[in-house]
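Undergrad: Any chance you could fold what I've pasted below:
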Amino acid sequence: MPRKTTKYADAPELERLGMAIRRARKDRGIAQEKLALDCEIERSYLGGIERGEVNFTYMKLVRIAKELDLPVAELVTWANT
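TA: As a prediction, the model looks like this:
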């Protein structure tokens, strides 16, 4: 299981972005395990992203957005609405 990013643990911005990623994944009927595999990250790490527990890199966000067939900007917009 990924460690919580201590500096930003439970930051509302990360929580909202994680919820947007989870929403997009579920809307597309993609299992968390499959998305993680396609993005070449651990499933538990993706779970941490979706829960807003880790401050992940921009390139991981780009990879996730690509696998969800969404522009990064759309995920960020969902996170801020």
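
Undergrad: what about this protein, any weak spots by pLDDT?
TA: Counting by pLDDT under 70, the low-confidence segments of the chain come to 1-6, 9.

Undergrad: in the longest helix along the chain, what's buried?
TA: Looking only at the chain and at elements set by DSSP state H, the helix with the highest residue count is helix 12-27. By neighbour count, and taking 16 or more other C-beta atoms under 10 Å as the criterion, the buried residues in helix 12-27 are 14, 16, 17, 18, 20, 21, 22, 24, 25. Any C-beta I mention is one placed from the backbone N, CA and C, and that applies to glycine too.

Undergrad: From residue 24, how far off is residue 52?
TA: If you measure residue 52 against residue 24 using C-beta to C-beta, to the nearest Å, the figure is 15 Å.

Undergrad: who does the longest helix of the chain touch, helix- and strand-wise?
TA: For helix 12-27, the packing partners by 3 or more C-beta pairs under 8 Å, 6 or more residues apart in numbering; DSSP states H and E come out as helix 43-50, helix 72-79.

Undergrad: Out of the ones you listed, which is the most enclosed?
TA: Comparing these by mean neighbour count (mean count of other C-beta atoms under 10 Å), helix 43-50 comes out on top with a mean of 19.

Undergrad: that older thread, for the helices and strands packed on helix 12-27, which one sits closest to residue 32?
TA: Judged by C-beta to C-beta, the one of those that comes nearest to residue 32 is helix 43-50, at 5.8 Å.

Undergrad: Same list (the buried residues of helix 12-27) but as CSV, adding distance to residue 63.
TA: Listed next are the buried residues of helix 12-27 as CSV, based on distance: C-beta to C-beta, whole Å:
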residue, distance to residue 63
14, 17
16, 19
17, 14
18, 15
20, 15
21, 11
22, 16
24, 13
25, 13
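
Undergrad: isn't residue 63 right up against residue 37?
TA: No - taking C-beta atoms under 8 Å as the definition, residue 63 is not a contact partner of residue 37, at 11.8 Å.

Undergrad: Let me see the contact set for residue 33.
TA: Taking C-beta atoms under 8 Å, 6 or more residues apart in numbering as the criterion, residue 33 is in contact with residue 43.
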